[in-house]
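Asks: This is a predicted model, with the sequence first.
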Amino acid sequence: MTLDPAYLDYPRRQRGMDHGLYTWSSIFDRPQVAWPGGRKLAVALVVSLEWFPIIAEGVFKAPGHMQTAYPDYRHYTAREYGTRVGFYRFLDAFAKAGVVASVAVNAAIADRYPGIIRDIMAAGHEIVAHSTDMNGTIASGLPEEAERALIVTALDTLERVSGTRPRGWMSIARSQSFATPRLLVEAGIGYACDWVNDDLPYVMTTPAGPLVNVPVNHELSDRQIITVQQQSADSYRQQMNDAADWLAGEAGGRMLALHLTPYIMGLPYRIAVLEGLLADLAARPDTAFLRVGDVAQPWLGSHQP
């Protein structure tokens with residue numbers, strides 16, 4: 001049996017990275033970054049505040065989606081714990097440490113629980129658009145007009161409830177189509193958090209204009225370390241401190257994104273570990289807590305790699 005010749009045809013194949021969004025560069029060739037106060041390390045707290053429809057639809061299930069037969073109340077209510085309880089423990093922990101965060105919010109959260117949006121804004125945190133809900137995944141099989149409508153619906157809904165139109169975007173499961181960077185710029189997005197291939201932001205060039213990518217590495221998320229790798233919360237704390245040590249020791253300024261999930265780290269036997277980690281990082285003289293938009297700021301309006 002032989003392969004269909006079309007199997008080996010890839011219309012975007014070219015020398016380099018099979019796309020023209022940016023040129024490759026080593027992080028050690030970049031201009032040095034000056035974070036506020038001359039700090040060496042920017043820590044960005046990124047919270048995924050998600051609403052999982054009880055029926056999974058779309059191209060694929062996002063991580064953490066419903067897993068058993070409908071109606072899957074077991075997993076639905078476990079995730080709803082995050083909006084009812086866990087996220088408020090996060091808000092208390094952030095206030096206790098005196099830090100700000102970026103909250104990647106499904107638009108369905110704004111529709112269903114507008115009080116949460118008001119609490120986020122009142123505490124000085126940033127809202128990053130996180131699609132419509134956890135069925136709102138993007139892939140190249142999605143028609144472009146449907147993808148455009150999904151992006152605009154998410155932004156319009158969050159703006160209507162929060163009073164501020166988000167400038168940042170995080171896709172469900174970090175999944176994009178070939179059109180996504182351009183569509184995000186067309187919708188007014190300045191920075192996105194989907195591509196995880198760096199320890200600093202960089203600028204993408206799209207037909208609609210530049211888009212800053214702020215890498216929020218899923219390998220450093222509480223979901224990946226605690227639920228997928230089955231490691232303890234104490235081990236997670238140690239690993240994040242180790243990452244901070246390493247990044248702060250490299251020349252040129254670095255960022256560390258802590259990707260947090262309320263129904264995972266907000267549980268009563270883990271939240272004290274998060275408070276301890278925030279205290280560890282806040283005590284470091286070389287570290288500044290910044291929202292994702294603040295991290296992206298030096299790259300917004302520039303064309304540096």
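Replies: Cool, got the structure.
Asks: C-alpha from now on. contacts and neighbour counts both.
Replies: Will do.
Asks: Name the helix or strand of this protein that has the lowest mean pLDDT.
Replies: helix 73-81 (a mean of 91; mean pLDDT, DSSP states H and E).
Asks: Quick check: which helices or strands does whichever helix or strand comes after it pack against?
Replies: If you walk from helix 73-81 toward the C-terminus, the next helix or strand you reach (DSSP states H and E) is helix 87-97. Applying 3 or more CA pairs under 8 Å, 6 or more residues apart in numbering; DSSP states H and E, one finds that helix 87-97 makes contact with helix 262-265, helix 271-282.
Asks: now the least confident helix or strand of the chain: how far from the chain's centre is it?
Replies: The chain centre lies 21 Å from the centre of helix 73-81; the measure is CA atoms, centre = their mean, to the nearest Å.
Asks: Repeat that for stretch 112-122.
Replies: 19 Å.
Asks: related to what we said a few turns ago, among the helices and strands packed on helix 87-97, which is the most enclosed?
Replies: helix 262-265 (a mean of 23; mean count of other CA atoms under 10 Å).
Asks: in the stretch 201-305 of the chain, what spans have low per-residue confidence?
Replies: 302-305 (pLDDT under 70).
Asks: Between the two ends of stretch 31-38, how far is it?
Replies: 15 Å (CA to CA, to the nearest Å).
Asks: Which residues outside it are in contact with it?
Replies: With contacts defined as CA atoms under 8 Å, 6 or more residues apart in numbering, stretch 31-38 is touched by 40-42, 251-254, 286, 288.
Asks: Mind doing that once more with 7 Å?
Replies: Stretch 31-38 is contacted from outside by 42, 252-253, using CA atoms under 7 Å, 6 or more residues apart in numbering.
Asks: Could you report the neighbour count for Gly86?
Replies: By other CA atoms under 10 Å, the residues close to Gly86 number 21.
Asks: Which pLDDT value does the model give it?
Replies: According to the prediction, Gly86 has pLDDT 98.
Asks: what do you get for Tyr7?
Replies: With respect to pLDDT, Tyr7 scores 66.
Asks: Would you mind pulling up the elements that the strand of greatest length in the chain packs against?
Replies: Criterion DSSP state E: the longest strand present in the chain is strand 41-49. Identification of packing neighbours for strand 41-49 by 3 or more CA pairs under 7 Å, 6 or more residues apart in numbering; DSSP states H and E yields strand 102-105, strand 254-260, strand 287-289.
Asks: what are the pairing partners of it, and which direction each?
Replies: strand 102-105 (parallel), strand 254-260 (parallel), strand 287-289 (parallel) (DSSP bridges).
Asks: would you turn the helices and strands packed on strand 41-49 into CSV with mean neighbour count?
Replies: Converted to CSV, those look like this (neighbours: other CA atoms under 10 Å):
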stretch, mean neighbour count
strand 102-105, 25
strand 254-260, 24
strand 287-289, 23
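Asks: Reformat those strands as a markdown table; add distance to Met66.
Replies: Listed next are those as a markdown table, based on distance: least, CA to CA, whole Å:
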| stretch | distance to Met66 |
| --- | --- |
| strand 102-105 | 19 |
| strand 254-260 | 19 |
| strand 287-289 | 33 |
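Asks: Can I get the least confident helix or strand of the chain as PDB, trimmed to CA atoms?
Replies: Coordinates of each C-alpha in helix 73-81 appear next as PDB, following Å, rounded to 0.1, in the frame of the first residue of the first chain:
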ATOM      1  CA  TYR A  73     -22.400  16.400  36.900                       C
ATOM      2  CA  ARG A  74     -19.300  15.000  38.600                       C
ATOM      3  CA  HIS A  75     -16.900  16.900  36.400                       C
ATOM      4  CA  TYR A  76     -19.200  19.900  35.800                       C
ATOM      5  CA  THR A  77     -19.600  20.600  39.500                       C
ATOM      6  CA  ALA A  78     -15.900  20.000  40.200                       C
ATOM      7  CA  ARG A  79     -15.100  22.800  37.700                       C
ATOM      8  CA  GLU A  80     -17.800  25.000  38.900                       C
ATOM      9  CA  TYR A  81     -16.100  24.900  42.300                       C
END
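Asks: okay, the angle between that helix and helix 87-97?
Replies: Put simply, helix 73-81 runs at 30 degrees to helix 87-97, going by axes from the mean of the first three to the mean of the last three CA atoms, to 10 degrees.
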